[in-house]
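Trainee: Quick one: sequence and predicted model below, then my questions.
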Amino acid sequence: MRIKIKRQSGFTLVEIMIVVAIIGILAATLIQNVRKNITTAQKNACIATLQKIEGAIQLWSLEEKKGPDDAVQITDISGGADKQIQGLINTDVKCPGGGTYSVTTVGEAPKCSVSGHELSKGSR
C-alpha cells in the first residue's frame, strides 16, 4: 500500500514578507544615493558655470581696460549690439541647484546663493 503525500508548492507568508522587506531596504538605499548624486551633479554644474562667468569677467575687463576694483554686472559680460564681446554668457544664467549668481568687481570671484557652490581658491 502506498501513501500519497501532497506537496504544495509556493512561498509562505513569512518568506514573502522577508523578500518585501529586503526590496524596501534596497530601494531606500538607492533613493538616497540618487539624491546624493543629483546634488553633486548640480554642484559641479554650478561651479563650471561660475568658472565660465569668471572667464567672461576677465575677458571683459581686458577688452574694456578695467582694473580689479572696477564694478561689473552680469549684463556687462553678456554682450550687446554695441559691444565687441558678443554673448559670453546668457543674462538669465541660473544655478541648477536653484540659486542665483552675483558678481561685484572684476577682482572678486562670482558667487552663487546656494551654500557650498563656490569657486575653490585653486581654480581662480
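Mentor: Nice, I can see it.
Trainee: For the rest of this, base every contact and every neighbour count on C-alpha atoms.
Mentor: Noted.
Trainee: And Gln73, how close does it get to Ala28?
Mentor: 44 Å (CA to CA, to the nearest Å).
Trainee: Please identify which of those two sits among more neighbours.
Mentor: The neighbour comparison of Gln73 against Ala28 (other CA atoms under 10 Å) goes to Gln73, with 14 against 11.
Trainee: With the flanking residues excluded, which residue is spatially nearest to that one?
Mentor: Val103 (6.0 Å; CA to CA, 6 or more residues apart in numbering).
Trainee: Pull the contacting residues for that neighbour.
Mentor: Val72, Gln73, Ile74, Ala109, Pro110, Lys111 (CA atoms under 8 Å, 6 or more residues apart in numbering).
Trainee: Quick check: helices, which of those are part of them?
Mentor: Under the assignment DSSP state H, those contribute Ile74 to helices.
Trainee: Give me the buried subset of the contacts of Val103.
Mentor: When neighbours are counted using 16 or more other CA atoms under 10 Å, the contacts of Val103 contain these buried positions: Val72, Ile74, Ala109, Pro110, Lys111.
Trainee: The third one reaches Tyr101, doesn't it?
Mentor: No - with the criterion set as CA atoms under 8 Å, Ala109 and Tyr101 do not qualify as a contacting pair; they are 10.6 Å apart.
Trainee: As a check, name the ranges of all helices in this structure.
Mentor: 13-64, 74-77.
Trainee: can you redo those as a markdown table with distance to Lys4 and mean pLDDT?
Mentor: As requested, the helices of the chain are exported to a markdown table (distance: least, CA to CA, whole Å; pLDDT from 0 to 100):
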| stretch | distance to Lys4 | mean pLDDT |
| --- | --- | --- |
| helix 13-64 | 26 | 93 |
| helix 74-77 | 86 | 80 |
